[in-house]
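Colleague: attaching a predicted model along with its sequence, questions to come.
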Amino acid sequence: MKITATVLAVLLSTYVAQTSDSHPVKKDKRLGRYPAKVYDLYQNQIEKKPKLLGEWSSWSPWSSCSRSCGGGVSQQVRHCISRPADTRFMKSRRRRQYALLSTGCIGLYKRIHLCNTQDCPGDRDFRYEQCAAFNNRPFKGKLFNWEPFYQAQTECILNCRPRGQNFYATLNKTVIDGTPCNHPMTATGKAAPRGTRGVCIEGYCKVS
């Protein structure tokens, strides 16, 4: 029967001093002393955790920059490759051990860096250009001249407003990678200090 972490926690919390016929308890630095039976169950769960069997491919070449000026994004990726093993001639015990192996990999599958950071000629905003690209596309049967709508909470979604109208629409699920944003998050998921430059990458505002 599979013992869940919750059951183990209950067993540990309800344990009282051992009687005279109990045997010595092994010591674990993280968990302290507790009944040997519970200790064995805990160790058994650890041993059953899948071990990684996958390995990373080589990094791909850097992609072309998403912008010709104004700060674009280039990226390279790699793939997790499983390492198959022939289990036909393995003993039953080894086959069971192999079943506990995972095909996962640890680490980043994508790396990104800024490129073409020189200023673009003219003063037009990059987000404005993305909205204007929809000017000749009917929206609910009508044509509009679109401009950025900046008050929406999600900066890295392409929200635009028809000029002279009192509504806005989401014209694309994400802006183009490299689009500037004002509230970036760090790699740890925390808000960056105010004034930190941010760019949208795959729909998220990140530190540039």
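Modeller: That came through fine. Because the structure is a prediction, the values reported are computed rather than measured.
Colleague: for the rest of this, base every contact and every neighbour count on C-alpha atoms.
Modeller: OK.
Colleague: tell me where the chain has helices.
Modeller: 5-13, 36-48, 92-99, 126-132 (DSSP state H).
Colleague: mean pLDDT lowest for which of those?
Modeller: If you rank the helices of the chain by mean pLDDT, helix 5-13 sits at the bottom with a mean of 45.
Colleague: the chain - how does it break down into domains?
Modeller: 52-115, 126-207 (automatic domain parsing).
Colleague: quick check: which of these is buried the most?
Modeller: Mean neighbour counts were compared across these using mean count of other CA atoms under 10 Å; the top stretch is domain 126-207, at a mean of 17.
Colleague: where in this structure is pLDDT low?
Modeller: For the chain, applying pLDDT under 70 flags the ranges 1-39, 41-53, 83-103, 123, 152.
Colleague: related to what we said a few turns ago, for residue 40, find the nearest of the domains of the chain.
Modeller: Proximity to residue 40 (CA to CA) singles out domain 52-115 among those, at 18.5 Å.
Colleague: got TSV for the domains of the chain, with distance to residue 40 too?
Modeller: TSV is the format used below for the domains of the chain (distance: least, CA to CA, whole Å):
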stretch	distance to residue 40
domain 52-115	18
domain 126-207	36
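Colleague: any idea what the closest residue in space to residue 180 that isn't next to it in sequence is bridged to?
Modeller: Nearest non-adjacent residue to residue 180, counting by CA to CA, 6 or more residues apart in numbering: residue 199, 4.4 Å away. Under DSSP bridges, the beta-bridge partners of residue 199 are residue 180, residue 206.
Colleague: so residue 199 sits right up against residue 185, yeah?
Modeller: No - using CA atoms under 8 Å as the test, residue 199 is too far from residue 185 to be in contact (9.9 Å).
Colleague: so what sits against both of the two?
Modeller: Common neighbours of residue 199 and residue 185, counting by CA atoms under 8 Å, 6 or more residues apart in numbering, are 205-207.
Colleague: of the residues you listed, which is the nearest to residue 192?
Modeller: Using CA to CA, residue 207 is the member of the shared contacts of residue 199 and residue 185 that lies nearest residue 192, at 7.3 Å.
Colleague: quick one: contacts for that closest one?
Modeller: 184-187, 192, 196-199.
Colleague: skipping adjacent residues, who's closest to it in space?
Modeller: Excluding the flanking residues, the one nearest residue 207 by CA to CA, 6+ apart is residue 198, at 4.6 Å.
Colleague: my read: the one you found touches residue 206, true?
Modeller: Yes - here residue 198 reaches residue 206: they are 5.3 Å apart, a contact under CA under 8 Å.
Colleague: mutual contacts of those two, please.
Modeller: 183-184.
Colleague: residue 57 and residue 81 touch, don't they?
Modeller: Yes - with contact defined as CA under 8 Å, residue 57 and residue 81 form a contacting pair (6.5 Å).
Colleague: any idea how far residue 153 lies from residue 196?
Modeller: 18 Å (CA to CA, to the nearest Å).
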